[in-house]
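**Q** This is the structure alone, sequence omitted:
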């Protein structure tokens, strides 16, 4: 692979994708509407691309990585139609469902698209797959003091309106057993079997407040506070429980984990068959152990 364009390459996740590709891909481009911000990404080639216009037609790359929830299906279609591989970090089922429809185009043009790339979805999909599928509960514990990109924050705030049932989920220490609230991460809609995914925060009080905050999510003052406030730490944990066993993945800095997952997927594109697929159908069982070598912890234990 010669050249990769990272759309949203100067965002929280995009910068980590670039860092994970440098040294493995000769040319890594950090692209977006703000050229000045693109120029701040160390080691990357800056490029101005406005996804709302016709700039997509001038992308010269072997692969495009989408790190912004904006025009995703149109960007994917433009890339795949030109035989350019495509990787997307969106957590939205609606967004990914639109890209799934491009499987025929991808196969015709001999291009590959990989979806559900990141922490949740992404690592969660792989944890569930490793447990053998079937009925699965997934828990996502995020650090409320972590620095998340604007797209991730906006998606989370918008998704509060879909918050649902609650249940208890056992995470590794130091987190222990927590209450999680069902949240619309895409993994539960794309994985086989009965799957549900719940969200909690590292600060228990904030987790308890999530259903109440959902009623006020559209108020500008609340959204402004939640974008800027950082009450907890930057640790995270994701876990999948099935058949009495739990498989988990923990670490610090969600954006770094998502960026590393994405970079590792991009580096494997050359060996994949054409078509659109989710991460669990694109990478093998050695993916998570390799990812864990970057300072994360992979574990398995009893659910009780």
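**A** Everything's here; your move. The structure displayed is predicted, hence computed values, not measured ones. Numbers count the residues shown, from 1 in each chain.
**Q** From now on I want contacts and neighbour counts done on CA atoms only, so please keep to that.
**A** Noted.
**Q** Show me what the longest helix seen in the chain packs onto, helices and strands only.
**A** If each helix of the chain is counted by residues according to DSSP state H, the longest one is helix 254-266. Packed against helix 254-266 by the contact rule (3 or more C-alpha pairs under 8 Å, 6 or more residues apart in numbering; DSSP states H and E) you find helix 12-21.
**Q** Phi, psi for residue 29 please.
**A** Residue 29 has phi and psi values of phi -110, psi 130 when expressed as degrees, to the nearest 10.
**Q** Can you tell me how far it is from residue 4?
**A** Spatial separation of residue 29 from residue 4 under the definition C-alpha to C-alpha, to the nearest Å is 6 Å.
**Q** How about residue 22?
**A** Between residue 22 and residue 4 the distance, using C-alpha to C-alpha, works out to 10 Å.
**Q** Same check on residue 165?
**A** Using C-alpha to C-alpha, which is the criterion applied here, residue 165 is 41 Å from residue 4.
**Q** do the same with residue 91
**A** Counting by C-alpha to C-alpha, the gap from residue 91 to residue 4 is 21 Å.
**Q** Same check on residue 291?
**A** Distance from residue 291 to residue 4, counting by C-alpha to C-alpha: 20 Å.
**Q** neighbours of residue 55, just the number please.
**A** Around residue 55 sit 11 other residues, with neighbours defined as other C-alpha atoms under 10 Å.
**Q** again with residue 71
**A** For residue 71, which is what you asked about, the neighbour count (other C-alpha under 10 Å) is 12.
**Q** who touches the residue most central in space within the chain in this structure?
**A** When C-alpha atoms, centre = their mean is applied to the chain, the residue found nearest the centroid is residue 118 (3.1 Å). With contacts defined as C-alpha atoms under 8 Å, 6 or more residues apart in numbering, residue 118 is in contact with 89, 257-259, 261-262.
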